[in-house]
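J.: Provide a 3D model corresponding to the input given below.
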Amino acid sequence: MNGRDLPIRPAARILLLDDADNLLLFRYRDDAFADSGRPDLFEYWLSPGGGQEGGETLVQTAERELAEECGLTGLTFSHEIAVRCIALRVYGGPEMLCEEHFFLARIAGLKPAIDISGQFQNELDVLREVRWWAHDEMAASEHPIVPTGLPGFLPRILAGDLPSMPVLLEG
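T.: You can find the predicted model right below:
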């Protein structure tokens with residue numbers, strides 16, 4: 001166990017860029033847990049991805065999650081470029097230490113349509129919007145984007161500077 005004695009949930013997240021370097025993010029809001037005084041805690045933008053299943057490598061998790069959440073297959077993934085560790089509850093379950101491993105993938109076209117029909121009902125229940133973001137829009141946005149370090153990390157990726165070792169993303 002870790003220092004907080006929480007179970008660890010490995011996950012893969014995909015930073016999916018189109019031909020114009022727009023980044024795909026999903027807006028989630030779970031009204032069952034919403035606190036009107038702190039809506040930023042319950043509504044946020046996040047890249048596609050999810051928990052690792054038994055026997056999968058993290059790249060296999062990224063491939064499966066992109067197929068389920070976006071209807072996309074056959075994309076090439078970078079090596080792991082970033083990581084985020086955060087204690088949270090996934091879909092109202094027990095608190096876990098989520099270790100999110102980030103991979104870059106590119107898709108041809110400009111803001112291609114995304115097929116969310118493969119998502120599970122618990123995902124669809126909290127999914128509010130799918131959007132391609134330009135970096136300048138992300139940097140200027142007041143919307144919570146998680147990890148909070150993603151908008152600051154993205155210019156490095158857009159410049160083609162993929163870190164050889166994963167960068168720790170805050171928030």
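
J.: going forward, measure contacts and count neighbours with C-alpha atoms only.
T.: Noted.

J.: Show the subsequent helix or strand relative to the biggest helix by length in the chain.
T.: Among the segments of the chain that qualify as a helix by DSSP state H, the longest is helix 58-70. The C-terminal neighbour of helix 58-70 among helices and strands, as given by DSSP states H and E, is strand 82-89.

J.: by contact count, what packs against whatever helix or strand comes next after that next one?
T.: Next along the chain after strand 82-89, taking DSSP H and E as the criterion, comes strand 95-106. Identification of packing neighbours for strand 95-106 by 3 or more Cα pairs under 8 Å, 6 or more residues apart in numbering; DSSP states H and E yields strand 8-17, helix 58-70, strand 82-89.

J.: now those in JSON lines, with mean neighbour count?
T.: As requested, the helices and strands packed on strand 95-106 are arranged in JSON lines below (neighbours: other Cα atoms under 10 Å):
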{"stretch": "strand 8-17", "mean neighbour count": "22"}
{"stretch": "helix 58-70", "mean neighbour count": "22"}
{"stretch": "strand 82-89", "mean neighbour count": "17"}
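
J.: Mean pLDDT lowest where, among these?
T.: Here the helices and strands packed on strand 95-106 differ in mean pLDDT, and the lowest is strand 82-89 at a mean of 85.

J.: which strands and helices sit next to it?
T.: With contacts taken as 3+ Cα pairs under 8 Å, 6+ apart, strand 82-89 sits against strand 95-106, strand 167-168.

J.: contacting residues around the most centrally placed residue in the chain?
T.: Central residue of the chain (Cα atoms, centre = their mean): S47, 2.7 Å from the mean position. With contacts taken as Cα atoms under 8 Å, 6 or more residues apart in numbering, S47 has the following neighbours: R13, I14, L15, L16, L24, L25, F26.

J.: Neighbours of the closest residue to R29 other than its chain neighbours, how many?
T.: With sequence-adjacent residues excluded and distances taken as Cα to Cα, 6 or more residues apart in numbering, R29 is closest to E43, at 4.3 Å. The tally of other residues near E43 (other Cα atoms under 10 Å) stands at 20.

J.: Show me how far the longest helix of the chain is from its chain's centre.
T.: Averaging C-alpha positions (Cα atoms, centre = their mean, to the nearest Å) puts helix 58-70 11 Å from its chain's average.

J.: what does that helix rub up against?
T.: With contact meaning Cα under 8 Å, 6+ apart, helix 58-70 is reached by 11-14, 48-53, 72-73, 75, 77, 101, 103, 114-119.
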